[in-house]
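Enquirer: Got a predicted model here, sequence first, then my questions.
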Amino acid sequence: MSIDSSIDIRITAEHELRAAADTTRIALLFPPVDDAEWEKWKPGWEREHLSVSAWDGERCVGHAGSFEFETLVPGGAWLPTSGVTRVGVLPTHIRRGVLTRMIRRLLDDHRDAGKVIASLRASEAPIYGRFGFGLAGEAVAVAVDPARVRPVRGAAPGSMRLLAKDELLKVTPGVYRRCAHRPGAIARSDFFWSRVLKSTIEGGSASFVAVHTSPDGVDDGYVLYSIAWEEQSLADNGGVCTLVDLFGASPEVELALWDYMVHLSLIRSIEVENRPIDDQVRNAVPDRRGYQVRRRWDEQWVRLLRVEEALTARSFADGPSVTIAVDDPWYADNCGTFHLGAAGARRVDEPAELHAPIAALSAAYLGSVSWRDLLLVGGVTGSADAAARADALFTTHPTTWSGTFF
């Protein structure tokens, strides 16, 4: 790949946003927007924290944008994050270094602004490793047959209620924040909530939020879903449910939410695009074949922008320590050797037992990617004993899962 220095990489001006949007849509196999569509999409583009675009003369040929939020890491800290999104290059300008230069500009600006992590949801999995991103968390798409999985065992006691439209934005965000306990969860902004709850607020479809309340009156979980009637034959009519969000403050609350869902009248199937790979409901139903995993997919790609801040912010399990040398070809201050143990992380001047490129450290950081697996496939170098100790320190339960697409 050659770098075409004639392409101008710059912050997108407000009057250039529509051109950047059209470029991104074409790159992602969608048509450009018409005037009516642009009025609908424009507020979201204006809410981007940073928009970087590539220009060949007067033509926009690439775009990479980002949102600002925080990511929950092991131990409970929320770290400032760049959520990379809307990335694309026109097919006429690929393999000319455009994407590399846009991502570098984006990450440089976010590092300067104090962001510790960059996170993205990839349309193509092989692209982002060369920029230091590692696959840090996976998810599953599932189909649930309610008749085969009810009742759900282990459900927390409490009551359920459907929120009225004027309660949605008042109640749901607060419940989510209490329930987002897995590493990789993100803090959703008001803009995110306006997108997530859009169809429920506007109506026109059967979309609902049901909240679980504990016996002592605390809202400790919610589920967001839509339902639709499907007519097939006189003997096989019924409803299909699309489950969008299901978050509980504890596994028992999540089981209570599932129990509510599988007892909805007239529902023949529940389809879910994004659930954690260790979803506890699998173990709480009478027939596990009623919970079918349709596919497992790469939900969350992470790049550490400030390694020392990231390592000192997260907690580590009890166990023998390990020293890891980090190599980051983009940011020299991320390079060095770190001593990691139950007491935390610190930079040291001593021999390293594992050597990790920034993409490997970023993959393992949230606790769901094994150092031994990385060692096996050549993602890191060092001893098997050191990798085993690193796994004991880094591994978290439950697994990494965000549950938010952007």
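Expert: In hand now; what should we look at?
Enquirer: Tell me who's in contact with Asp278.
Expert: Residues near Asp278 by C-beta atoms under 8 Å, 6 or more residues apart in numbering: 397-399. No exception for glycine: its C-beta is placed from N, CA and C like everyone else's.
Enquirer: give me the beta-bridge partners of Cys59?
Expert: For residue 59 the amino acid is Arg, not Cys. Counting by DSSP bridges, Arg59 forms beta bridges with Asp56.
Enquirer: could you check the distance from Phe406 over to Ala54?
Expert: 21 Å (C-beta to C-beta, to the nearest Å).
Enquirer: Of these two, which one has the most company?
Expert: Looking at Phe406 and Ala54 with other C-beta atoms under 10 Å, you find the greater number of neighbours at Ala54, namely 28 against 17.
Enquirer: Give me the phi and psi for that one.
Expert: phi -110, psi 140 (degrees, to the nearest 10).
Enquirer: Is it in contact with Ser5, as I believe?
Expert: No. The criterion here is C-beta atoms under 8 Å, and Ala54 misses it with Ser5 at 11.7 Å.
Enquirer: wait, Arg389 sits on Pro320?
Expert: Yes. Assessed by C-beta under 8 Å, Arg389 is found in contact with Pro320 at 5.1 Å.
Enquirer: And those two? Which one has more around it.
Expert: Neighbour totals were compared for Arg389 and Pro320, and Arg389 leads with 21 against 13 (other C-beta under 10 Å).
Enquirer: Tell me which helix or strand the more buried one sits in.
Expert: helix 384-394 (DSSP states H and E).
Enquirer: so after whatever helix or strand Ser194 lives in, what's the next helix or strand?
Expert: Using DSSP H and E, Ser194 sits in helix 190-196. Per DSSP H and E, the first helix or strand lying C-terminal to helix 190-196 is helix 198-202.
Enquirer: got a list of what the closest residue to Ala143 other than its chain neighbours touches?
Expert: Among residues not flanking Ala143 along the chain, Gln292 sits closest, at 4.9 Å (C-beta to C-beta, 6 or more residues apart in numbering). Contacts for Gln292 (C-beta under 8 Å, 6+ apart) come out as 142-145.
Enquirer: close enough to count as contact, Val152 and Val262?
Expert: Yes. In this structure, Val152 is within contact of Val262 by C-beta under 8 Å, at 6.4 Å.
Enquirer: Which parts of the stretch 301-406 of the chain are helices?
Expert: With DSSP state H, counting those that start in this stretch, the ranges of helices along the stretch 301-406 of the chain come out as 307-313, 358-364, 371-376, 384-394.
Enquirer: how many neighbours does Ser123 have?
Expert: 11.
Enquirer: What does the pLDDT read for it?
Expert: Predicted confidence (pLDDT) for Ser123: 87.
Enquirer: Over to Met102?
Expert: 97.
Enquirer: so which strand or helix has it?
Expert: Going by DSSP H and E, Met102 is in helix 98-112.
Enquirer: Could you export that helix as CSV, CA atoms only?
Expert: Taking Å, rounded to 0.1, in the frame of the first residue of the first chain, the C-alpha atoms of helix 98-112 are listed here in CSV:
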residue,chain,number,x,y,z
VAL,A,98,-6.5,7.1,3.3
LEU,A,99,-8.0,5.0,6.1
THR,A,100,-4.7,4.8,8.0
ARG,A,101,-4.3,8.5,7.9
MET,A,102,-7.9,9.2,9.0
ILE,A,103,-7.7,6.7,11.9
ARG,A,104,-4.4,8.1,13.0
ARG,A,105,-5.7,11.7,13.0
LEU,A,106,-8.8,10.6,15.0
LEU,A,107,-6.8,8.7,17.6
ASP,A,108,-4.1,11.4,17.9
ASP,A,109,-6.8,14.0,18.7
HIS,A,110,-8.5,11.8,21.2
ARG,A,111,-5.3,11.0,23.0
ASP,A,112,-4.5,14.7,23.2
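Enquirer: Give the buried residues for stretch 200-212.
Expert: By neighbour count with 16 or more other C-beta atoms under 10 Å, stretch 200-212 contains the buried residues 200, 207, 209-212.
Enquirer: Mind listing residues that contact that stretch?
Expert: 156, 158-163, 165, 168-169, 171-172, 175, 194, 197, 199, 219-228, 248, 253, 256-257, 260.
Enquirer: try stretch 181-193
Expert: Here stretch 181-193 has contacts from 44, 47, 67-74, 78, 81, 83, 119, 136-137, 169, 172-173, 176-177, 180, 196, 249, 276, 300, 366-368, 396, 398-404, 406, using C-beta under 8 Å, 6+ apart.
Enquirer: so how far is that stretch from its chain's centroid?
Expert: Here stretch 181-193 shows a centroid-to-chain-centroid distance of 9 Å under the convention C-alpha atoms, centre = their mean, to the nearest Å.
Enquirer: Buried ones in it, by neighbour count?
Expert: So for stretch 181-193, counting by 16+ other C-beta under 10 Å, buried means 182-189, 192-193.
Enquirer: what does stretch 280-288 give?
Expert: 280-282, 284-285.
Enquirer: Go ahead and confirm Pro31 touches Arg25.
Expert: Yes. Using C-beta under 8 Å, Pro31 makes contact with Arg25 at a distance of 6.6 Å.
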